[in-house]
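Chemist: give me a model of this one.
(2 chains)
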Protein chains: 2
Amino acid sequence: MLVIAGIGLFDLRDIPLGLLEEVKDASAVFIETYTSVLPGFSVDKLSRLLNRQIIQLVRAEIEDKGAKIILEKAKNEKVILLVVGNPLLATTHASIIIDAYRLGITVKVIPAASVIDGLIVSTGLHAYKLGKIVTLVFPEDKELKNYPYTPYQTLCDNLSRGLHTIFLLDIRQEERRYLLAPEAASLLLKIEEKFKENVLDDDTLAIAVARATADNEQVYVGKLSELAARDLGEPPHTLVIPGLLHDSEIEFLYYKTGTAIGVFKDWNKKLSARIMQRNT
Amino acid sequence: MLVIAGIGLFDLRDIPLGLLEEVKDASAVFIETYTSVLPGFSVDKLSRLLNRQIIQLVRAEIEDKGAKIILEKAKNEKVILLVVGNPLLATTHASIIIDAYRLGITVKVIPAASVIDGLIVSTGLHAYKLGKIVTLVFPEDKELKNYPYTPYQTLCDNLSRGLHTIFLLDIRQEERRYLLAPEAASLLLKIEEKFKENVLDDDTLAIAVARATADNEQVYVGKLSELAARDLGEPPHTLVIPGLLHDSEIEFLYYKTGTAIGVFKDWNKKLSARIMQRNT
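Modeler: Modelled structure (predicted):
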């Protein structure tokens, strides 16, 4: 039996109680932390809490070897795989589950708070106003010549419907490289320069969250060009380009970040004008 | 100080460990359960776990009275408000936080797994392929004469982009009335009959989840008209009209529900044809 359990966003705070029960009769506990980063978390602390040895897996052991170590064991014993956030937000884990099903292994998944949950809690943005979510990856050399068009197109699409766009930012845990919100802001501006479809500009409103829900969380509201020059500290970061903001979203962000109400109202005005123009 | 903490989806399993810490020095613990329903949960069980009295609030105490009882206390003491799922998925809780900020009260939010997390875990649908989320409410007498157009329009919009549409279903906890997925399927068919814009029909593919992630979870895949005649048991239910399904989403659902691969392939074909037609 394979149990895949989320451990949430931050430290040991978000660990679901049910996990403590599951661990009791499991023969092995694995963890993979290469798809995400948790501020304040350490495998040692978790190991002490669970009173169990935890085997840490690297990307190659899961992606190249198809999580063989885990699945072989899960055929005859109860094995737990711990993952950051909500287990199925990363498609890697869906693949492991499908492989387990193929082998006739029983699968149980324990959900936990995801990066999206953290973002909603930290910004007060309404879940009902989220458009399609996109991932921004590091612009590698080859990609520099061929900037990613999809996130840009999705942003355009979401904005034209007045919806918020969440940019999940690349994490290369094993190289200790994390795409931070300021770098992501520069990247978006460079993508605009490349495609010139007037999707965004220096003045586009951005909401960046660093270390969502952690004690040292930072929520930043400002122009993309200002964000690009900002230091928001350690990862993980998330970036949002808001759509039309509801009064209660504005008020939440005003109290949370001290950003003047006028900044949001101006953005709504600018965006409404644009939506009207596009639709006529 | 006000702490708003999510308790997740099911029983005591999803309670975040951090809550046990927070409760220790809190002067009062409140819970509101009128926005959601948790299978297998009882306030008594939670009360025994936390070893604390838990004060249960009804809708009127929060919505009409603006959570006065809680906020008055939170001015000088540490007060905890427990909510089902992820705290900010329901806009009610954002309002309480804004009111707390207005009164100068410090607010801390502890995230937990939401209904969306549960849905992703139970269906293997990719978070990246979710379109705008909508809520379907009970068609009351006055609304019967005036069927809700917005969910129908959003579905049309999402489908034309190949994205999945999640329908969150009305919960009237205090009247013990829950909109179930089969009833929601009938409702969608009636809305089509009313507006006749060819957004859906009897054969539209539906994915319904009853009691996501609970031990007696049921995931149903089939035509809307078949779902309408089905009994999936107790609430909570969620309904999805899928967009274009990725191979790994298809495989996940095939193993999970036993639905033939052809059903999904046919849906993708039908939907692709429609998207092409609309775009030409």
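
Chemist: quick one, longest helix in chain A?
Modeler: Across chain A, the helix with the greatest residue count (assigned by DSSP state H) is helix A:261-279.

Chemist: may I see the buried residues of it?
Modeler: A:263-264, A:267-268, A:271, A:275 (16 or more other Cβ atoms under 10 Å in any protein chain shown). Just so you know, the C-beta spots here come from the backbone N, C-alpha and C atoms, and that holds for glycine as well.

Chemist: out of these, which one sits closest to A:Pro182?
Modeler: Relative to A:Pro182, the closest of these is A:Val263; by Cβ to Cβ it sits at 18.5 Å.

Chemist: per-residue pLDDT, the closest one?
Modeler: A:Val263 is assigned a predicted lDDT (pLDDT) of 98.

Chemist: test my guess that it contacts A:Val221.
Modeler: Yes. If you go by Cβ atoms under 8 Å, A:Val263 and A:Val221 touch, sitting 6.9 Å apart.

Chemist: what is the neighbour count of the residue of the stretch 151-280 of chain A found nearest chain B?
Modeler: Distance from chain B to each residue of the stretch 151-280 of chain A (Cβ to the nearest Cβ) is smallest for A:Tyr255, at 3.6 Å. Other residues lying near A:Tyr255 total 17 when counted by other Cβ atoms under 10 Å in any protein chain shown.

Chemist: that one: what secondary structure?
Modeler: Following DSSP: H, G, I helix; E, B strand; the rest coil, A:Tyr255 is assigned to helix.

Chemist: any idea of the pLDDT on A:Leu17?
Modeler: 95.

Chemist: contacts only, for it.
Modeler: By Cβ atoms under 8 Å, 6 or more residues apart in numbering or on different chains, the residues touching A:Leu17 are B:12-17, B:49.

Chemist: do the same with A:Asp99
Modeler: Here A:Asp99 is in contact with A:66-67, A:71 (Cβ under 8 Å, 6+ apart).

Chemist: and A:Phe195, by the same measure?
Modeler: A:147, A:149, A:152.

Chemist: measure A:Lys223 to B:Lys45 for me?
Modeler: A:Lys223 is 49 Å from B:Lys45, where distance means Cβ to Cβ, to the nearest Å.

Chemist: my bad, A:Tyr101
Modeler: Counting by Cβ to Cβ, the gap from A:Tyr101 to B:Lys45 is 32 Å.

Chemist: A:Val240 is in contact with A:Phe167, correct?
Modeler: Yes. Between A:Phe167 and A:Val240 there is a contact under Cβ under 8 Å: 7.1 Å.

Chemist: please say which of these two ends up with more neighbours.
Modeler: For A:Phe167 and A:Val240, the more surrounded residue by other Cβ under 10 Å is A:Phe167, and the numbers stand at 25 against 20.

Chemist: hang on, the more buried one is in a helix, isn't it?
Modeler: No. Secondary structure of A:Phe167, determined by three-state DSSP: strand, with no helix assignment.

Chemist: neighbour count winner among A:Tyr101 and B:Lys45?
Modeler: For A:Tyr101 and B:Lys45, the more surrounded residue by other Cβ under 10 Å is A:Tyr101, and the numbers stand at 17 against 12.

Chemist: not counting its neighbours along the chain, what's nearest that one?
Modeler: B:Tyr255 (3.6 Å; Cβ to Cβ, 6 or more residues apart in numbering or on different chains).

Chemist: below-threshold pLDDT in the stretch 101-250 of chain A: ranges please.
Modeler: A:141-146 (pLDDT under 70).

Chemist: what about 90?
Modeler: A:138-149, A:171-176 (pLDDT under 90).

Chemist: quick one: name the residues of it near chain B.
Modeler: Residues of the stretch 101-250 of chain A lying near chain B by Cβ under 8 Å from any Cβ of the partner chain: A:101-102, A:109-114, A:116-118, A:120-122, A:124, A:126-135, A:157, A:161, A:163, A:213, A:248-249.

Chemist: looking at these, which are in strands?
Modeler: Under the assignment DSSP state E, these contribute A:109-110, A:134-135 to strands.

Chemist: now restrict the residues you listed to buried residues only.
Modeler: Using 16+ other Cβ under 10 Å, the buried members of these are A:109-110, A:134.

Chemist: let me know the closest of these to B:Leu81.
Modeler: For those, the nearest to B:Leu81 is A:Ile110 (24.1 Å; Cβ to Cβ).

Chemist: show me what contacts A:Ala229?
Modeler: Counting by Cβ under 8 Å, 6+ apart, A:Ala229 has contacts A:Pro182.

Chemist: change it to 10 Å
Modeler: A:182, A:185-186, A:222-223 (Cβ atoms under 10 Å, 6 or more residues apart in numbering or on different chains).

Chemist: buried subset of the residues you listed, written for ChimeraX?
Modeler: Buried subset of the contacts of A:Ala229, written as a ChimeraX selection, criterion 16+ other Cβ under 10 Å:
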select /A:182,185,222,223
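
Chemist: possible to save the contacts of A:Ala229 as a markdown table with secondary structure?
Modeler: As requested, the contacts of A:Ala229 are exported to a markdown table (three-state DSSP):
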| residue | secondary structure |
| --- | --- |
| A:Pro182 | helix |
| A:Ala185 | helix |
| A:Ser186 | helix |
| A:Gly222 | strand |
| A:Lys223 | strand |
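
Chemist: biggest separation within the contacts of A:Ala229, which pair?
Modeler: It's A:Ser186 and A:Gly222 that sit farthest apart of these, by Cβ to Cβ, at 13.9 Å.

Chemist: what do these two both touch?
Modeler: Common neighbours of A:Ser186 and A:Gly222 are listed as A:228-229 (criterion: Cβ under 10 Å, 6+ apart).

Chemist: just the C-alphas of stretch A:273-280, formatted as CSV.
Modeler: Taking Å, rounded to 0.1, in the frame of the first residue of the first chain, the C-alpha atoms of stretch A:273-280 are listed here in CSV:
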residue,chain,number,x,y,z
ALA,A,273,-10.8,50.3,-20.2
ARG,A,274,-8.6,47.7,-21.8
ILE,A,275,-11.3,45.0,-21.6
MET,A,276,-13.8,47.3,-23.1
GLN,A,277,-11.5,48.3,-25.9
ARG,A,278,-10.7,44.6,-26.7
ASN,A,279,-14.3,43.7,-26.7
THR,A,280,-15.4,46.5,-29.1
